[in-house]
Each structure stands twice: as structure tokens, then as C-alpha cells.
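> got a predicted model here, sequence first, then my questions.
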Amino acid sequence: MSDRDAVVVAYDLVSAFGTGAAVCVDGLYAGRSAIARCGRFDTARFRSPFAAQVDGLDCSHEESILIQMLRRLQTASIPRDALPILATTVGEIDLLERGEERCTLADTLDRVRVLLGLNERGVVVSAACASTCAAISRSVSLIRCGVRDAVVVIAVDIVSEFVFSGFSALMALADDRARPFDRDRCGLTAGEAAGYVVLMSAGRARRERRDILACIRGCGQSSDANHMTGPSRDGGGLARAVRRSLDSAGLSAADIGFIAAHGTGTTYNDAMELKAFKQVFESARPVFSVKGALGHTMGSAGLVQLVAAIAALERQAVPPTVGLRQVDDDARGWAGDSDQTFEGSSAMVVNAGFGGINAAVVVSV
């Protein structure tokens, strides 16, 4: 490992399972679902009453739901000189819903920086549901080029009436709960999560005697320019991002033990992903999705997947895909409703977002 490799030295997460990355990982491996009826706003007009929400948040509080979630994180391990990169799709959208000013993404970034006690203002990466992986890619480039030796990616999005109604209008919400890679899947479930990952150069991590939890070996992005909301159905765009991440990592497809998939539970996304994987991998790999358990957490989805992927590399088994009952024909041999073992020390995290954005990250332990 060279001094300019980007390594993970800390992370934390709050999700619908509760506070702490370990709580989230335990829930995933137990095969539990945190999806329940949404109590934050009236869902009678929408296609679904279900969402995966963090308990105990106060919608009437002066602070946004986003900031309330971030306050629950353990942040002592974040160095003050780390460059903050905020990965989100709509930020503090609840402030906009109640007519408040100063709720742009730039405003949110300022509040997050102050909350975390960071020295620099940082930047926002808003790449739809691929925001986290895109932000990690930016971080890795900065570290490899020697521009930065510490970056913190803060990823967060909330369940809001604005987002919920949008997915409903697009006919994208499941009428029940999301069932990724299932033969009878019919849509996604909205979810929320907040967390961070601290990336350092390996050189700085060694100097500070930090625990190196994982290494980000490579990153790749692409745009399939297919549709404002729909992915390219042939999977070509995501396949390009996957190949680019392998090239960046200096690895071959054979080196990847498993894939933490985007796996929204919509008809077209899941089919597109499997087509993309089959274009790159000569044989099946264990594939799992967290969205049947935690819903689609939008810009923070990639962070949840990264945390799950690091845990899976440590355990040498991927968690089940919650909600999966009848495996779709395209997913046979790939996705499963129980833990799957694998070989190797590298994995891939993939995301796909509106606008045809695709991103892939290779992580190793």
C-alpha cells in the first residue's frame, strides 16, 4: 500500500435501525426490516403508506431533521482539517417545505461544517442517488494527487413529503415494501440515513497510528444519458462505471468477491443492474441490496452500502436481501434471501441515479 492510497479510518451511521454503524449491520444480517407506516405526514394521497424512518426526530424543531440526525453521530474521530464533502440530493428540504429561508445546499454545508467543527467550508456533491459514491470518487482523486491527505464525506437525506410525493407521481413507490431482485417487485420504499466516512492517505494514517479499516482501491463513474429518471435498460452505462472502477483499482473482475448493489426494487433498475454485471463478470457473484430493510436512502445510499460491504469483507459473508421471496430469473445465482459466502478481500459498491448517473467503488480490506 502506497502512502497516497486512500484508506478508510473511521465511519458512523444513523439509520432506521437506530444509531451506530454496528446497529445497522446487525439488523441487516438478522434479516430484519425497519420499514413501517410513515407517521411524519399524511400518505393517503400517495401510492404507499410505508417508509423507513429514524425514530425520535422532531419535525417542529428549529433544527432540520437532517441536522438532528447528524447530531446523533460519534464524530470525535473526524480531524478538524479534513475537507468536508456533503453528499445529498435535497438536503434540508423540510425547511423549504415550511417556508424557511437559508435552506440551499450551500447553507446546509455551512451548518454541517459548524456542527462537526471543521476548519474549511468544503464542497457539495449532489449526484442524485449516486451522491456518496461520486463524493468518494472525488475524495480518492484528491488524496491520490496529493492535494489532500484527509477528507470526510458526510452523506445524508431524509424522508420528506416532497420526495415521497415525487416518487409516488413517478409510479415508483411499492404499494407494500420494496423487494429487490424479486420476481414480483413493484417499486421502491423511501428511507433516510445520515453518516460519514473519513478517508486519509495511507501515509497520514500510519503517521497518526490510525486503524485502517479498509482501502478504497478504485472508483468509476459514467452517464448513460438515457432518460431523466429511467436507467438505460441495456445496463451499458453502469457497466462502463464498473469497468472504470476496476481499471482505477488495477484489478480484474475475477478479484471482486461480491457486489453491494443499488437494488431499489423497481422493475427497470434491478434488471438493468444484472445486465450490467453480466457484461463485466464472467461468472455470478453474491449480490445484495440493503433497500428491502432500510428503504432507499437516496444520496446516503452508497454510504449504507459501503458500511455493509466493509462488514461483509470482515465476516466473509454478505447479508441477505430483505424482502426477497422469489428470486427473479435474471438474478438467479446472484441475489439471495440468506447469507452468502464468497472468496477474496475486495468488493464493489454500485449506485445509479436520476439523470443516468452511475458510480462504482472498489473497496478492499
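Done, it's in.
> from Tyr29, how far off is Ser338?
Going from Ser338 to Tyr29 by Cβ to Cβ, to the nearest Å gives 10 Å. All C-beta spots, glycine's among them, are computed from the backbone N, C-alpha and C.
> identify the contacts common to those two.
Pro320 (Cβ atoms under 8 Å, 6 or more residues apart in numbering).
> what's the burial count for the residue nearest to Thr104 when sequence neighbours are not counted?
Take Thr104 and drop its neighbours on the chain: the residue closest to it by Cβ to Cβ, 6 or more residues apart in numbering is Gly91, 7.6 Å away. As a burial measure, Gly91 scores 26 neighbours (other Cβ atoms under 10 Å).
> please say which of Ser338 and Tyr29 ends up with more neighbours.
Neighbour tally, Ser338 and Tyr29, criterion other Cβ under 10 Å: the higher count belongs to Tyr29, 17 against 11.
> and that one, what pLDDT?
With respect to pLDDT, Tyr29 scores 97.
> wouldn't it be in contact with Pro319 here?
Yes - Tyr29 lies in contact with Pro319 (Cβ atoms under 8 Å); the separation is 4.7 Å.
> overlap of the contact sets of these two?
311, 339.
> okay, now Asn119: neighbour count?
12.
> next: the one 10 residues further on.
Cys129 is flanked by 26 other residues according to other Cβ under 10 Å.
> look up phi and psi at it.
Main-chain dihedrals, Cys129, degrees, to the nearest 10: phi -80, psi 0.
> now the nearest residue to it once chain neighbours are set aside: how far from Gly323?
Closest residue to Cys129 apart from its sequence neighbours, by Cβ to Cβ, 6+ apart: Gly353 at 3.8 Å. Distance of Gly353 to Gly323, given as Cβ to Cβ: 21 Å.
> and if you look at Ala36?
Look at Ala36 and Gly323: by Cβ to Cβ, they are 14 Å apart.
> and these two? Which one has more around it.
Higher neighbour count among Ala36 and Gly323: Gly323, with 25 against 14, using other Cβ under 10 Å.
> show me what contacts the more buried one?
Neighbouring residues of Gly323 by Cβ under 8 Å, 6+ apart: 33, 177-180, 182, 265, 292-293.
> could you chop the protein up by domain?
Under the assignment automatic domain parsing, the domains of the chain span 6-207, 217-364.
> highest average neighbour count across the ones you listed?
domain 217-364 (a mean of 22; mean count of other Cβ atoms under 10 Å).
> show me the beta-bridge partners of the closest residue to Asp339 other than its chain neighbours.
Computed as Cβ to Cβ, 6+ apart, the closest residue to Asp339 that is not its neighbour in sequence is Ala317, at 4.6 Å. Beta-bridge pairing of Ala317 under DSSP bridges involves Thr341.
> quickly note the distance from Ala317 to Phe342.
7 Å.
> hang on, Ala352 in a helix?
No - Ala352: not assigned to a helix; according to DSSP: H, G, I helix; E, B strand; the rest coil it is strand.
> wait, isn't it in contact with Ala130?
Yes - shown here, Ala352 and Ala130 form a contact pair, counting by Cβ under 8 Å, at 6.4 Å.
> list the residues that contact both of these two?
358-359.
> quick one: pLDDT of the residue nearest to Asp339?
Predicted confidence (pLDDT) for Ala317: 95.
> how near is it to Leu294?
Distance, Ala317 to Leu294, by Cβ to Cβ: 19 Å.
> where does the closest residue to Leu70 other than its chain neighbours fall, secondary structure wise?
Excluding the flanking residues, the one nearest Leu70 by Cβ to Cβ, 6+ apart is Ala194, at 5.2 Å. Element membership for Ala194, per DSSP states H and E: strand 193-201.
> remind me what that strand packs against, helices and strands.
For strand 193-201, the packing partners by 3 or more Cβ pairs under 8 Å, 6 or more residues apart in numbering; DSSP states H and E come out as strand 6-15, helix 65-70, helix 131-144, strand 150-157, helix 301-315.
> what's the offset of the helix or strand that comes right after it from the middle of its chain?
Remark: after strand 193-201, the chain's next helix or strand is helix 202-207, criterion DSSP H and E. When distances are taken as Cα atoms, centre = their mean, to the nearest Å, helix 202-207 is centred 26 Å away from the chain's centroid.
> what about the helix or strand that helix 202-207 is followed by, distance to the chain center?
On the C-terminal side of helix 202-207, the nearest following helix or strand under DSSP H and E is strand 214-223. Counting by Cα atoms, centre = their mean, strand 214-223 is centred 13 Å from the centre of its parent chain.
> okay, now the sheet partners of strand 214-223, with direction.
Each strand paired with strand 214-223, and its direction, by DSSP bridges: strand 6-15 (antiparallel), strand 357-364 (antiparallel).
> between helix 301-315 and that strand, find me the angle.
Counting by axes from the mean of the first three to the mean of the last three Cα atoms, to 10 degrees, strand 214-223 points 140 degrees away from the direction of helix 301-315.
> now do the helix or strand just after strand 214-223 against strand 214-223, angle only.
Where DSSP H and E defines the elements, the next helix or strand beyond strand 214-223 is helix 236-249. Orientation check (the same axes, to 10 degrees): helix 236-249 against strand 214-223 gives 140 degrees.
> fine by me, we can end here.
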